[in-house]
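*Asks:* Okay, structure incoming, though there's no sequence with it:
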């Protein structure tokens, strides 16, 4: 029974001992509850099972470091790396299936088609905020057509180049996420992108959509990794509706101010005409008197 439970839906064995423990505990507690309803009390034999989960190690680059790597790469790799960092796309699975026709609005949006998304994830259309210009140049240089793949790459070769470049620039010390810089891979750029975009998104659901997540556990993981804290400010208390109302009031005040300026200008013109007439009348009176 436990052997069957220790496999995932694909029939493969779980790699983590903690996962085995969690699966067995879940089954045994279900078995206890079901038996209790039938009047049978079963002791908890899983109490001593260790379900401690050691967080995975990966290579983390801070914002300065990732831009250093991107800007130091030769052009074809530079376009690839900035696209990965910008989109947070899964590499290589989703990445190698992106076609030129999946890009929209002058490469400012990319669609990750549902059929190319990871199993358990979903298709999505996201904005490219950092890489659009370089992607356009990449397409132009390589004369790519709509049906061509955006990056026709060999993942192993890309990973080798990324490792050499990163070690050359940053050395081979251990990164903050536990792995050495020499162990970096394309998938680490997704982790790095998550850390970059997480504090920039105000909506958890929008961040989940960008990265193709159905659950929030990844957000909690990266939040903890970044040591995030409550950063709410008084201005954040102004919800979108309130902000819109204030903006509309400001526009109304600006219009009223402009109308007052125009009225004042008209009055000044009239006063100028009156002054000129007064001077002319006074001049004519003086002429008659003399």
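*Replies:* Done, it's in. From a predicted model like this one, the values you see are computed outputs, not experimental measurements.
*Asks:* Now do the strands in the stretch 101-250 of the chain.
*Replies:* 103-104, 109-112, 124-127 (DSSP state E, counting those that start in this stretch).
*Asks:* how deep is residue 133 tucked in, by neighbour count?
*Replies:* 14 (other Cβ atoms under 10 Å). Yep, even glycine has a C-beta here, placed from its N, CA and C like the rest.
*Asks:* What separation do you get for it and residue 65?
*Replies:* Taking Cβ to Cβ, to the nearest Å as the measure, residue 133 falls 22 Å from residue 65.
*Asks:* before we move on, what about residue 180?
*Replies:* Taken as Cβ to Cβ, the span from residue 180 to residue 65 is 14 Å.
*Asks:* Kindly report the same for residue 158.
*Replies:* 18 Å.
*Asks:* which regions of this structure sit below the pLDDT cut-off?
*Replies:* Within the chain, the stretches with pLDDT under 70 are 1-22, 48-54, 228-248, 289-290.
*Asks:* Quick check: longest helix in it by residues?
*Replies:* Ranked by number of residues, the top helix in the chain under DSSP state H is helix 240-289.
*Asks:* From the chain's centroid, how far away is that helix?
*Replies:* 51 Å (Cα atoms, centre = their mean, to the nearest Å).
*Asks:* Also stretch 197-207?
*Replies:* With Cα atoms, centre = their mean, you get 6 Å for stretch 197-207.
*Asks:* Stretch 281-290 now?
*Replies:* 81 Å.
*Asks:* circling back to that earlier point, so between residue 158 and residue 65, which is more surrounded?
*Replies:* For residue 158 and residue 65, the more surrounded residue by other Cβ under 10 Å is residue 158, and the numbers stand at 21 against 16.
*Asks:* so what's that one up against?
*Replies:* The contact partners of residue 158, taken as Cβ atoms under 8 Å, 6 or more residues apart in numbering, are 77, 80, 186.
*Asks:* Save these as a markdown table, and put in neighbour count and distance to residue 46 too.
*Replies:* Below are the contacts of residue 158 laid out as a markdown table (neighbours: other Cβ atoms under 10 Å; distance: Cβ to Cβ, whole Å):
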| residue | neighbour count | distance to residue 46 |
| --- | --- | --- |
| 77 | 18 | 49 |
| 80 | 26 | 47 |
| 186 | 19 | 39 |
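*Asks:* nearest to residue 57, of the residues you listed?
*Replies:* Nearest to residue 57 out of those is residue 186 (Cβ to Cβ; 16.5 Å).
*Asks:* wait, what's in contact with the nearest residue to that closest one once chain neighbours are set aside?
*Replies:* Residue nearest to residue 186 in three dimensions, not counting chain neighbours: residue 91, with 3.8 Å by Cβ to Cβ, 6 or more residues apart in numbering. Applying Cβ under 8 Å, 6+ apart to residue 91 gives the contacts 84, 155, 185-187, 189-190.
*Asks:* If we use 6 Å, what do you get?
*Replies:* If you count contacts by Cβ atoms under 6 Å, 6 or more residues apart in numbering, residue 91 has them with 84, 186-187.
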